[in-house]
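> sequence unknown, structure follows:
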């Protein structure tokens with residue numbers, strides 16, 4: 001016959017090591033007895049003891065337990081609904097599948113209930129008051145905490161895999177080194193929560209957890225794992241943070257591989273050293289981290305790994321990406337106004353339609369990123385690597401490209417009005433139909449660039465012709481009067497280009513053009529048509545490419561000037577040099593029919609391999 005203690009007051013009773021399976025403690029009151037001093041509430045009180053007691057299937061509904069020691073007790077399947085616990089020690093107790101719905105386990109500092117190392121697997125704690133409860137080392141797997149009060153609780157080294165925290169009041173908690181994999185935090189508000197020691201990482205695990213609509217304000221979750229969960233059968237569950245609110249949350253060094261952060265709001269978030277790259281399942285399936293439509297304005301991604309993320313139409317204004325890696329990232333239509341990409345690696349990323357107004361891209365690597373139609377007005381791209389990048393139709397008004405490397409980049413249709421490109425490298429870049437008005441191109445390299453249809457009105461060190469017959473002259477520094485190293489592009493028509501003093505780059509493009517390098521070491525490219533090239537003083541280079549026509553070089557300097565034939569991948573032995581009157585004629589099958597180089601007033605006998613660049 002099960003023992004019946006219902007409605008009794010049990011004073012200082014010792015039930016330790018007894019088997020009280022199925023016992024009835026309904027509305028019982030378990031309290032301490034006065035000690036030798038005869039005064040209740042002093043240090044020598046004799047507590048009621050349930051140490052290692054077997055209490056399987058017992059009924060403790062509405063019971064009151066004060067100063068009870070229940071260490072190691074077995075409450076499996078016990079019903080403790082509406083019970084009140086005051087300074088009860090349940091450390092190491094087994095509460096598997098126990099029912100503690102609406103139970104009161106609250107306490108204040110120095111007068112709390114101890115559940116450390118307890119086994120609460122499958123327990124029901126719906127609407128329980130757990131203020132100040134200590135779950136250190138406890139197993140809370142699949143516990144139902146729905147609607148519970150979790151103010152000031154302690155979860156250190158706690159396993160709460162699969163637990164239900166929905167509708168809980170979670171504030172001022174202490175969280176560290178605990179597991180919340182597959183737990184349900186949807187709609188939960190977590191505030192003012194951190195590890196016990198300031199500066200320590202939280203190191204929590206939320207793999208596969210449901211944190212949709214989750215809110216965390218002034219919370220330290222540094223070093224936590226939000227990556228996908230893989231069960232024993234290889235089934236992957238992605239961590240769901242969609243619509244989460246994460247203001248001023250410390251997620252430094254956290255792992256978000258494959259997480260869903262779509263539509264999350266995380267302004268001012270600290271994600272230094274965080275990993276948001278794709279999650280790769282054991283079977284090779286790739287789960288991309290999703291930030292689509294989220295708001296991460298003013299967030300800190302310094303040194304973070306964002307490789308392969310999807311951040312379509314995401315708000316990332318004034319966000320810090322210093323030294324971050326965003327390889328293969330999808331940032332289409334992203335709002336990146338004022339973002340800092342200093343020394344970031346953004347290779348192969350897609351930023352089509354992104355707004356990078358006022359962004360700082362100093363020394364960042366964007367090659368060969370897709371930036372088509374992006375807005376980079378007033379952006380700082382000093383030293384940025386944009387090799388083979390697609391910036392077609394990008395707006396770069398007042399942007400600074402000083403020292404940037406745009407070799408092979410597609411800059412067709414860009415707006416670079418009032419831009420700065422001092423010492424920039426535009427080698428082989430496509431600048432067709434670009435608007436370069438009032439741009440500053442001092443000492444920029446345009447070798448092999450295509451500026452067909454481009455306009456460069458009032459540009460510094462760059463002049464671009466029209467489809468007509470143009471005359472372009474070198475320019476001078478308006479302050480010092482010194483000659484600039486100009487870039488002159490004739491484009492269509494029969495043009496006349498005169499570099500003047502300085503080391504100039506002259507490209508006649510289409511038409512029968514006349515190019516005059518004048519003083520300085522110049523580079524002259526006749527382009528298509530029958531052109532006349534005069535290097536003038538200085539050591540000059542004459543570049544020829546396929547279909548250059550029948551060109552003439554005047555005043556070629558033996559052992560000084562060079563003929564650049566690198567475009568033909570040939571050698572001196574494949575060329576034919578003949579004398580025609582006072583002129584030397586250079587031809588070869590590699591040039592094709594009708595393409596010859598005439599060296600005016602020059603002896604064929606003086607033409608040798610030293611005159612060429614192959």
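Sure, I can see it. Note that the coordinates shown come from a computational prediction; the quantities given were computed from them, not determined experimentally.
> quick check: next helix or strand after the lowest-mean-pLDDT helix or strand in the chain?
None of the helices or strands of the chain scores lower by mean pLDDT, DSSP states H and E than strand 169-171, at a mean of 86. Counting by DSSP states H and E, the next helix or strand C-terminal to strand 169-171 is strand 174-176.
> so which bits of that following strand are buried?
Under the neighbour-count criterion of 16 or more other Cβ atoms under 10 Å, strand 174-176 has 174-176 buried. In short, each C-beta sits where N, CA and C put it, glycine included.
> ok, so of these, who is nearest residue 610?
residue 176 (73.4 Å; Cβ to Cβ).
> for that closest one, list each beta-bridge partner.
Counting by DSSP bridges, residue 176 is bridged to residue 156.
> then residue 425?
Going by DSSP bridges, residue 425 forms beta bridges with residue 405, residue 445.
> what about it, neighbour count?
23 (other Cβ atoms under 10 Å).
> check what pLDDT it gets.
Listed pLDDT for residue 425 reads 97.
> show me the contacts for it.
Residue 425 makes contacts with 404-407, 444-445, as judged by Cβ atoms under 8 Å, 6 or more residues apart in numbering.
> for residue 203, see how far away it is.
46 Å (Cβ to Cβ, to the nearest Å).
> next one: residue 613
60 Å.
> do the same with residue 379
38 Å.
> now swap in residue 345 and tell me
27 Å.
> the more surrounded of the two?
residue 345 (22 against 18).
> what's the burial count for residue 579?
13.
> now do residue 594
11.
> same check on residue 197?
8.
> from residue 174, how far out is it?
Distance from residue 197 to residue 174, by Cβ to Cβ: 10 Å.
> cool, and residue 452?
For residue 452, the distance to residue 174 - Cβ to Cβ - is 67 Å.
> list the contacts for residue 141?
120-122, 159-163.
> most surrounded residue in those residues?
Counting by other Cβ under 10 Å, top hit in those: residue 120 with 29 neighbours.
> any idea how far stretch 592-611 is from the chain center?
Offset of stretch 592-611 from its chain centre (Cα atoms, centre = their mean, to the nearest Å): 55 Å.
> any low-confidence regions in the chain?
109, 478-479, 481 (pLDDT under 70).
> in the chain, what residue spans correspond to helices?
Under the criterion DSSP state H, the chain contains no helices.
> that older thread, other SSEs contacting the least confident helix or strand of the chain?
Counting contacts by 3 or more Cβ pairs under 8 Å, 6 or more residues apart in numbering; DSSP states H and E, strand 169-171 is packed against strand 189-191.
> how about a cut-off of 6 Å?
Strand 169-171 sits against no helix or strand, with contacts defined as 3 or more Cβ pairs under 6 Å, 6 or more residues apart in numbering; DSSP states H and E.
> give me the buried positions along it.
169-171.
> look up how far residue 6 lies from the spatially closest residue to residue 612 that is not a sequence neighbour.
In this structure, residue 612 finds its nearest non-sequential neighbour in residue 563, 5.0 Å apart by Cβ to Cβ, 6 or more residues apart in numbering. Using Cβ to Cβ, one gets 109 Å for the distance from residue 563 to residue 6.
> how about residue 460?
From residue 460 to residue 6 the distance is 95 Å (Cβ to Cβ).
> looking at the two, which is more packed in?
Taking neighbours as other Cβ under 10 Å, residue 460 and residue 6 compare with residue 460 leading, 20 against 16.
> now for residue 315: which residues touch it?
295, 297, 335 (Cβ atoms under 6 Å, 6 or more residues apart in numbering).
> try 8 Å
Residue 315 neighbours (Cβ under 8 Å, 6+ apart): 294-297, 334-335.
> what does residue 49 give?
13-16, 68-70.
> please redo it, this time with the cut-off set to 7 Å
14-16, 69 (Cβ atoms under 7 Å, 6 or more residues apart in numbering).
> before we move on, what about residue 14?
So residue 14 contacts residue 49 (Cβ under 7 Å, 6+ apart).
> which residue ranges form the strands in the stretch 201-350 of the chain?
Secondary structure of the stretch 201-350 of the chain by DSSP state E, counting those that start in this stretch: the strands cover 215-217, 229-230, 236-237, 279-280, 286-287.
> an error on my part: the question was meant for the stretch 501-614 of the chain.
505-507, 514-516, 523-525, 532-534, 541-543, 550-554, 562-564, 576-580, 583-587, 596-599, 612-613.
> quick one: strands adjacent to the last one?
Strands that pair with strand 612-613, judged by DSSP bridges, come out as strand 562-564 (parallel).
> residue 327 contacts residue 348, correct?
Yes: the criterion here is Cβ atoms under 7 Å, and residue 327 meets it with residue 348 at 5.8 Å.
> residue 611 contacts residue 560, doesn't it?
No: judged on Cβ under 7 Å, residue 611 makes no contact with residue 560 at a distance of 9.2 Å.
> so who does the residue lying closest to residue 470 once chain neighbours are set aside touch?
Take residue 470 and drop its neighbours on the chain: the residue closest to it by Cβ to Cβ, 6+ apart is residue 495, 4.7 Å away. Listed by Cβ under 7 Å, 6+ apart, the contact set of residue 495 reads 465, 469-470, 472, 508, 511, 513.
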